[in-house]
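> Test case, fold it:
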Amino acid sequence: MPATATQPTARRDQAEPPLLQVEGLSVQFGQQLVLRDISLDIPAGQTLVVLGESGCGKTVLLKTMIGLVRPSRGEVRFEGQSLSSMRERDLAHLRTKYGFVFQGAALFDSMTIADNIAFPLREHTRISAADARDIVASLIDEVGLPRTVLDKKPVEISGGMRKRAGLARAIALDPLLILYDEPTTGLDPIMTDVINELILRVKERPRVTSVVVTHDMNTARKVADKIIMLYPLFRLGRDESQIVFSGTPADLDRSRDPRIRQFVEGRAGNRLTELQDEQSLEERP
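Next up is the predicted model:
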């Protein structure tokens, strides 16, 4: 019967493991503990937004997801494989399945925009120069840039254009996972929403999974399927979770947790006094 025929498929879907798993992750640099006992699962196709004030470890978390930072404790698994147990050569191959959109675009100043976008194609594939040019032209169209920028250097185009060129480069190898580090920082409200629309458009690619680190609440509400919020460890008790929120954008807006409301509403509260006290302690002989 139809119900019986579809049941095995449903069980397989339910049993499908997350694309990325973070288990008991802690990261410490010297005496400074940045991340403590972070655990989360990111299913294929989900867009996860990571919120939190400066210094709470958001970018460090992104770097552990691609093996650039090794955990002090715990582990990260991608497609069931532990990154900690992989050799650097294997990690380098794995990273071809990732796309990384850097905060400042991180384009090569000496290269044209076309060469920047084509860089991962030339490094990791054997396609012809003609095919690479065709792919670059298609990517430029996808991120809404005019083809006149292809022969320009990064310094010759605007910040918003550089961000879009960085996104084009990030998706050149059709990655399974795209990581965005503050993708809208420094942009005006209109260009910020252009980037948000592009994040949504990229999500429509088959099975693309995204992790977006941002301070921008408009970005978080628009692109997220799920949001987590990290909190600085020095403001938490020993037994308190560093993830102070996990849920949907609607859940975030309904939260009455004062720590969350302060961040969402952008209120300084007593932070100025706290910062002055911290500076006084640092200046003591």
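> If we ignore the residues flanking it in sequence, what's nearest Arg73?
Nearest residue to Arg73 in three dimensions, chain neighbours excluded: Ser26, at 4.2 Å (CB to CB, 6 or more residues apart in numbering). In this view, the C-beta of every residue, glycine as well, is placed from N, C-alpha and C.
> likewise Gly160?
Met191 (3.9 Å).
> Name the residues of the helix or strand containing that neighbour that are buried.
Met191 belongs to helix 189-203 when assigned by DSSP states H and E. Buried residues in helix 189-203, counted by 16 or more other CB atoms under 10 Å: 191-192, 194-196, 198-199, 202-203.
> How about stretch 154-172?
154, 157, 160-172.
> How far off centre is that stretch?
Here the centre of stretch 154-172 is set off from its chain's centre by 16 Å, with CA atoms, centre = their mean, to the nearest Å.
> Then stretch 32-51?
That offset, for stretch 32-51, works out to 10 Å (CA atoms, centre = their mean).
> Pull the contacting residues for the residue nearest to Arg201 when sequence neighbours are not counted.
Leaving aside its chain neighbours, Arg201 sits nearest to Glu142 (7.5 Å; criterion: CB to CB, 6+ apart). Taking CB atoms under 8 Å, 6 or more residues apart in numbering, we find Glu142 in contact with 168, 171, 201.
> quick one on the thing from earlier: name the next helix or strand downstream of the helix holding Met191, please.
Following helix 189-203 toward the C-terminus (DSSP H and E): strand 209-213.
> Give me the sheet partners of that following strand and which way each runs.
If you go by DSSP bridges, strand 209-213 pairs up with strand 47-51 (parallel), strand 177-181 (parallel).
> Kindly provide the distance from Pro189 to Gly52.
Going from Pro189 to Gly52 by CB to CB, to the nearest Å gives 22 Å.
> and what of Ser158?
28 Å.
> Tell me if I'm right that Gly99 and Ala170 touch.
Yes. Using CB atoms under 8 Å, Gly99 is in contact with Ala170, at 3.4 Å.
> Now do the end-to-end distance for stretch 225-236.
With CA to CA, to the nearest Å as the measure, stretch 225-236 spans 27 Å from end to end.
> er, stretch 95-103 I mean
18 Å.
> buried ones in that stretch?
Quick answer for stretch 95-103 (16+ other CB under 10 Å): 95, 98-103.
> all helices for the stretch 101-250 of the chain, in order.
Secondary structure of the stretch 101-250 of the chain (DSSP state H, counting those that start in this stretch): helices at 113-124, 129-142, 159-170, 189-203, 217-223, 249-254.
> Please name whichever of those is nearest to Val22.
helix 217-223 (19.3 Å; CB to CB).
> I'd like the average pLDDT over the closest one.
Here helix 217-223 scores 94 as its mean pLDDT.
> That helix packs against which elements?
strand 47-51, helix 189-203, strand 209-213, helix 249-254 (3 or more CB pairs under 8 Å, 6 or more residues apart in numbering; DSSP states H and E).
> try it again with 7 Å
strand 47-51, helix 189-203 (3 or more CB pairs under 7 Å, 6 or more residues apart in numbering; DSSP states H and E).
> still on that earlier bit, nearest to Pro183 among the buried residues of helix 189-203?
Among these, and counting by CB to CB, the member closest to Pro183 is Ile195, at 5.3 Å.
> Just give the nearest non-adjacent residue to Leu121, would you?
That would be Ala132: by CB to CB, 6+ apart, it lies 4.9 Å from Leu121.
> which residues does Leu179 contact?
Contact analysis of Leu179 by CB atoms under 7 Å, 6 or more residues apart in numbering lists 62, 65-66, 98, 100-101, 211.
> Output the lowest mean pLDDT helix or strand found in this structure.
Within the chain, no helix or strand scores below helix 2-15, which has a mean of 44 by mean pLDDT, DSSP states H and E.
> doesn't Gly99 fall inside a helix?
No. Going by DSSP: H, G, I helix; E, B strand; the rest coil, the assignment for Gly99 is strand, not a helix.
> Residue numbering should commence at 835 henceforth.
With 835 as the first residue, the last one maps to Gly933.
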